[in-house]
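Chemist: missing the sequence, but the structure's below:
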């Protein structure tokens, strides 16, 4: 397939020109550790945070804590122009459960205080209730050192979020994944990923999220789902027109062969089961996955085969 702007060096432009789908492109995580880090960010995914902050015994303690967590994600954040010398360190723990997501907030004087947290109690909601947040977090990727598309598109989107909701809950974020979909954002605690966000639609995203609803036009997926479930979730919402975040629960995924599968969801509060049958093929286009890569790749493309609703 020939791209209209094949000379573009921006991965986000090539993805858009190729017609790459947004949905089903989020990553899967079981817990987010979101840490304010105001030192200059390096091109690494962790912005140089771990090597700079944790050394010797504290690094061993960090590694042991990290290895014991289910699909953890370290997300670095900052408010532009603020210094760690004059502010306490903001730390958030988000648990993106499908039906009962949780978000905890802390302020520390030293990063090593993170190591004193019992993250497993937070996972189950058994402790730290005094630290639960009611307001969501909006993390917008602006990690220019990782990929230029993140700053090119992310900075205007960050400002747009700051203009329409509480600025203290809007942060510039390190690499969140999928920079070819810039501008990108992840909304916590649900772990909702949005991409190719236009400044004019930010207010709508905020309004619907705070009302407990999705916006499909920029929707990439939820962190609680794997790739098959994310694609099925999109088709489910599109076919049922039910955009409530608390409307469905994943039941099972059945693979029929290498290219077809069926994903079933329970519609909560009803006796309905929704079945999404999909076909998975390889794209007829190939693009770079980031601005720094010259090699091109094809991607799996999901299409809806059938949608059925049954009553138990």
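Modeler: Happy to help now that I have it. Since the structure is predicted, the reported quantities are computational estimates derived from the model, not experimental observations.
Chemist: what pairs with residue 255 across the strands?
Modeler: residue 261 (DSSP bridges).
Chemist: What separation do you get for residue 248 and residue 136?
Modeler: 20 Å (C-beta to C-beta, to the nearest Å). All C-beta atoms are positioned from the backbone trio N, CA, C, and that covers glycine.
Chemist: got it, and residue 236?
Modeler: Counting by C-beta to C-beta, the gap from residue 236 to residue 136 is 23 Å.
Chemist: and if you look at residue 12?
Modeler: Residue 12 is 25 Å from residue 136, by C-beta to C-beta.
Chemist: okay, those two: which has more neighbours?
Modeler: Taking other C-beta atoms under 10 Å, residue 12 and residue 136 do not tie; residue 12 has more neighbours (25 against 21).
Chemist: Apart from its chain neighbours, what residue comes closest to the more buried one?
Modeler: Once flanking residues are discounted, residue 12 sits nearest to residue 149: 4.2 Å by C-beta to C-beta, 6 or more residues apart in numbering.
Chemist: Is the one you found in a helix, a strand, or coil?
Modeler: helix (DSSP: H, G, I helix; E, B strand; the rest coil).
Chemist: Tell me how many other residues surround it.
Modeler: Using other C-beta under 10 Å, residue 149 has 25 neighbouring residues.
Chemist: separation between residue 210 and residue 219?
Modeler: The gap separating residue 210 from residue 219 is 16 Å, by C-beta to C-beta.
Chemist: surely the residue nearest to residue 12 meets residue 292?
Modeler: No - contact criterion C-beta atoms under 8 Å: residue 149 and residue 292 do not qualify, at 10.5 Å.
Chemist: Might you list the low-confidence residue ranges for the chain?
Modeler: Residues of the chain meeting the criterion pLDDT under 70: 1-8, 80-86.
Chemist: for the chain, what spans make up the strands?
Modeler: Per DSSP state E, the chain has strands spanning 31-36, 72-78, 89-95, 102-108, 137-141, 170-173, 185-188, 192-194, 219-222, 248-255, 260-267, 272-282, 300-311. These are given in chain order.
Chemist: Of those strands, which is nearest residue 47?
Modeler: Closest of the strands of the chain to residue 47 is strand 72-78, at 4.9 Å (criterion: C-beta to C-beta).
Chemist: Would you mark the buried spots in stretch 154-164?
Modeler: The neighbour-count check on stretch 154-164 (16 or more other C-beta atoms under 10 Å) flags 154-158, 160-162 as buried.
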